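[1] Please work out how this folds:
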Amino acid sequence: MDNQPETPAVAPARRRRLLALLVGLAVVVFAVDQVTKYLAEQRLTPGTLTPLLGDLLGLQLIYNPGAAFSLATGMTWIFTLVSVVVVVVVVRISRRLGSLGWALALGLLLGGCLGNLYDRLFREPGLAVGHVVDFINYAGYFVGNVADIAIVGAAVAVALLAVLGREVDGSRAHGRADGPAADEDLPSGTGTEAPGGSARA
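    This next block holds a predicted model:
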């Protein structure tokens, strides 16, 4: 019979702070994404490239009916569904949140997904099939937006957390506690002690 101790629960106060960080970051990403899309539509001519860093980076307004690189054009409703699923998964995962790294990664992911999901739900040509506003041209290879940057950043962060063995609840993989980083902002005496009376390492 396996008698290994369970990973100590995350203190409620810490979880609330991390959730607030996740939600706050998601709101900021969503707001910046939508404001920059609005400005792009107001100030850029669709299809016209405005260089910023020579041929490496420019501004070019397009309306993307598909995914990145304009893949799967005409299947917008599938990406709408995927975005909804991702949002639901993030919300469910956040119930176990105990890691600063995961709070940042999930905040970026949630904000980015909501930014593009808003376009697909409420922009032309209609509900769930709206075209996403893209305006950042990367050397002619593809055109994206702020939401895409946040999603890519989230993917990199999640990969790094996986390599480091960081779990969503702040523990390490294989049941090892995350150490002082998991309780770095908790006051002493919160009761987060491991079985047997010893404090979390």
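[2] and D169, what are its phi and psi?
    Main-chain dihedrals, D169, degrees, to the nearest 10: phi -80, psi 0.
[3] and the gap between it and I93?
    Distance from D169 to I93, counting by C-beta to C-beta, to the nearest Å: 10 Å. All C-beta atoms are positioned from the backbone trio N, CA, C, and that covers glycine.
[4] So for these two, which sits in the more crowded spot?
    A direct count of neighbours by other C-beta atoms under 10 Å for D169 and I93 places D169 higher, at 19 against 15.
[5] Give me the nearest residue to that one, chain neighbours excluded.
    G98 (4.2 Å; C-beta to C-beta, 6 or more residues apart in numbering).
[6] close enough to count as contact, that neighbour and V10?
    Yes - counting by C-beta atoms under 8 Å, G98 touches V10, with 3.4 Å between them.
[7] neighbours around L109, how many?
    Neighbours around L109, by other C-beta under 10 Å: 26.
[8] mind listing what it touches?
    86, 90, 150-151, 154-155, 158 (C-beta atoms under 8 Å, 6 or more residues apart in numbering).
[9] Including distance to L21, pLDDT and neighbour count, could those go into TSV?
    Listed next are those as TSV, based on distance: C-beta to C-beta, whole Å; pLDDT from 0 to 100; neighbours: other C-beta atoms under 10 Å:
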residue	distance to L21	pLDDT	neighbour count
V86	19	94	18
V90	13	96	20
A150	15	97	27
I151	18	96	24
A154	14	98	23
A155	19	97	14
V158	16	97	17
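[10] Mind putting the residues you listed into TSV with distance to Y138 and secondary structure?
    Formatted as TSV, the contacts of L109 follow (distance: C-beta to C-beta, whole Å; DSSP: H, G, I helix; E, B strand; the rest coil):
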residue	distance to Y138	secondary structure
V86	23	helix
V90	26	helix
A150	15	helix
I151	15	helix
A154	18	helix
A155	16	helix
V158	22	helix
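[11] Tabulate these (TSV), appending distance to Y141.
    Listed next are these as TSV, based on distance: C-beta to C-beta, whole Å:
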residue	distance to Y141
V86	24
V90	28
A150	19
I151	17
A154	21
A155	18
V158	23
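[12] R16: which of these is nearest?
    V90 (16.9 Å; C-beta to C-beta).
[13] ok, and the closest non-adjacent residue to that closest one?
    Per C-beta to C-beta, 6+ apart, closest to V90 is L110, 4.8 Å.
[14] Check Q4 and give its pLDDT.
    Per-residue pLDDT puts Q4 at 47.
[15] Next: L127.
    In this model, L127 is scored at 87, pLDDT.
[16] That one: neighbour count?
    Counted with other C-beta under 10 Å, residues neighbouring L127 total 11.
[17] pretty sure it is touching L117, no?
    No - with contact defined as C-beta under 8 Å, L127 and L117 do not form a contacting pair (11.8 Å).
[18] you'd agree R14 is up against G98?
    Yes - counting by C-beta under 8 Å, R14 touches G98, with 6.7 Å between them.
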